[in-house]
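>>> Provided below are the primary sequence and the corresponding predicted coordinates.
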Amino acid sequence: MATPSHRRSLRKRRTLLTSVAAVAVTGLGASYLVMSANANAVDLYHQTLAAKDGWASSGTGTTGGAKADAAHTFTVSTRAQLVKALGSASDTTPRIIKVKGTIDANTDAAGKKLSCADYASGTGYSLTSYLKAYDPAVYGRSKLPSGGQETARAAAQKKQAANIVFKVPANTTLVGVPGTKAGITGGMLQIQNVDNVIVRNLTFAATEDCFPQWDPTDGDEGNWNSTYDSVTLRGATHVWADHNTFTDAPRFDSANPEYFGREYQVHDGSLDITKSSDLVTVSRNQFTSHDKTMLIGSSDSEPAGKLRVSIHHNVWKGIVQRAPLARVGQIHIYNNLYDVTPLNGYAVQYSINSRAKAQVVAENNHWKVPTGVKLAKLLSGDGTGAIKGTGNQVNGTVTDLVAAYNAASSKDLKTTVNWTPTLTAGLESSAKSLPTSLGATTGAGVLS
């Protein structure tokens, strides 16, 4: 497929027409055609979400920093430059931030690399002391850790958070500069209680918590819980996450040690949408080599009426669970590719989980399933959530995954929902071609 240009010459318009024809032949759908046409008419940094492209196009739509003036248009390549460009989280002035190259969040203002030991310095925390203080054989399993080492752990975690959490203001576009391997390693974008944000063409890797907390009350055996997502939405509205790549690389969970008989988990979510966030479109991303990938709704008790999310044309590969886990809201999941072949030690538990009365419409998605994986494992629920599934394929064959799950479960997924998707630009009527088409059109580094 020809690469779209940003110029408007007759020759380039002809190139665009050729590109559109090629896309049509490969079955990529109207959404990608709109994006390609916009890429020719408007430079990448000012592109806005197309009409009817998922929930984020609802109402006022999602334009990010498209109205930014020259004074609020930045090119950044270091952590310090990114922090300066973001400014105050309460400043609603439109801004465009072009990320050039890979930014390491674990660096100081001068660019010096920081380690977990640097964050722990001066707090009194040490993992050895922490393990000794809260060994279940001595401390028990009935309450969360408290006292000196837990206080020290929290202080060390606070120091790390001050360095790696980037708070994104309203009316912001964050875009990776094509050809520069743009991304953020070790960091978290926090989009909290703001409206109108675009995040595109970035690779998010190695988001790791130096100081996971031990919770002996989490499950039957306790768990180590980490804090940071690569991108987290909390009370955010009108957010478009597009053409990004999310990965645990280079440290996969198989490298994590065990303490108290449980994995010392340093990774949390890839892209979590919680705290009554609303009107979100997640398109053409690659999610790979991760466990708890996308959480929609942080609690079963979140109020109804929010958490409306569209998830389309993404690739999920080597994902253990939460692709997504959906609560409460109205979620449209269409034209995604789920490759559940084990990868880098990550093996599927389930792909989509609908719980807490979530109303999920899953249509025309494609699962690549290796021999031995039971189809009933691809979905999950708590008996209150719904998944209306149509046109979903497994290895090229249309398959009723909800029926397969319900036949093996004591907590059936409901099969009807209380809404009908209408914001469906780019919806493809068949999932047949997705294993081929999405490989070349998703993730960071594709846009130009």
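Good, I have the coordinates.
>>> what are the ranges of the helices in the chain?
10-26, 30-41, 79-86, 116-120, 127-133, 136-139, 148-164, 401-408, 434-437 (DSSP state H).
>>> lowest mean pLDDT across those helices, which one is that?
Lowest mean pLDDT within those: helix 10-26, a mean of 34.
>>> how many neighbours does A154 have?
Using other C-beta atoms under 10 Å, A154 is surrounded by 14 other residues. From N, CA and C alone the C-beta is placed, and that goes for glycine too.
>>> does Q321 have beta-bridge partners, and which?
Applying DSSP bridges to Q321 gives these bridge partners: K292.
>>> so what's K181 up against?
Contact partners of K181, counting by C-beta atoms under 8 Å, 6 or more residues apart in numbering, are G101, T102, T203, G445.
>>> quick check, the last one in contact with R200.
No. No contact is recorded between G445 and R200 when judged using C-beta atoms under 8 Å, the distance being 11.2 Å.
>>> more crowded one of the two?
Between G445 and R200, counted using other C-beta under 10 Å, R200 has the larger neighbour count: 24 against 18.
>>> which residues does the more buried one form a beta bridge with?
Beta-bridge pairing of R200 under DSSP bridges involves V175, D242.
>>> what do G445 and R200 both touch?
Both G445 and R200 are contacted by G176, under the criterion C-beta under 8 Å, 6+ apart.
>>> let me know the pLDDT of S448.
Confidence at S448, expressed as pLDDT, is 88.
>>> how about the nearest residue to it, chain neighbours excluded?
Sequence neighbours aside, P178 is the residue nearest to S448 in space, at 4.6 Å (criterion: C-beta to C-beta, 6 or more residues apart in numbering).
>>> next one: A133
Nearest one to A133, counting by C-beta to C-beta, 6+ apart, is Q149 at 4.4 Å.
>>> report the separation between that neighbour and D218.
Note on Q149: its distance to D218, by C-beta to C-beta, to the nearest Å, is 18 Å.
>>> residue ranges with poor pLDDT in the chain?
Along the chain, segments meeting pLDDT under 70 span 1-42.
>>> what sits opposite the residue nearest in space to the middle of it in the beta ladder?
Compute the mean C-alpha point of the chain, and by C-alpha atoms, centre = their mean the closest residue is L271, 2.5 Å away. In this entry, L271 is beta-bridged to V231, by DSSP bridges.
>>> how far away is it from S430?
Distance, L271 to S430, by C-beta to C-beta: 27 Å.
>>> please apply the same query to P342.
P342 sits 27 Å away from S430, going by C-beta to C-beta.
>>> one more: V175?
Distance, V175 to S430, using C-beta to C-beta: 31 Å.
>>> distance of the residue nearest to S301 when sequence neighbours are not counted from T293?
Counting by C-beta to C-beta, 6+ apart, A356 is the residue found nearest to S301 once chain neighbours are left out, at 7.9 Å. According to C-beta to C-beta, A356 and T293 sit 18 Å apart.
>>> more neighbours, these two?
Of the pair A356 and T293, T293 is the one with more neighbours under other C-beta under 10 Å, namely 27 against 21.
>>> so who does that one touch?
Per C-beta under 8 Å, 6+ apart, neighbours of T293: F246, G269, S270, L271, F287, W316, I319, V320, Q321, R322, A323, P324.
>>> cool, D135 as well?
F260.
>>> next one: V361
Neighbouring residues of V361 by C-beta under 8 Å, 6+ apart: Q330, I331, H332, I333, Y334, I387, K388, V417, W419, P421.
>>> return the member of these nearest to N163.
I331 (33.3 Å; C-beta to C-beta).
>>> that closest one is in contact with P324, isn't it?
Yes. I331 lies in contact with P324 (C-beta under 8 Å); the separation is 7.2 Å.
>>> can you check which residues contact both of the two?
Overlap of the contact sets of I331 and P324 (by C-beta under 8 Å, 6+ apart) consists of I296, V309, I311.
>>> give me the buried subset of those.
Buried subset of the shared contacts of I331 and P324 (neighbour count, 16 or more other C-beta atoms under 10 Å): I296, V309, I311.
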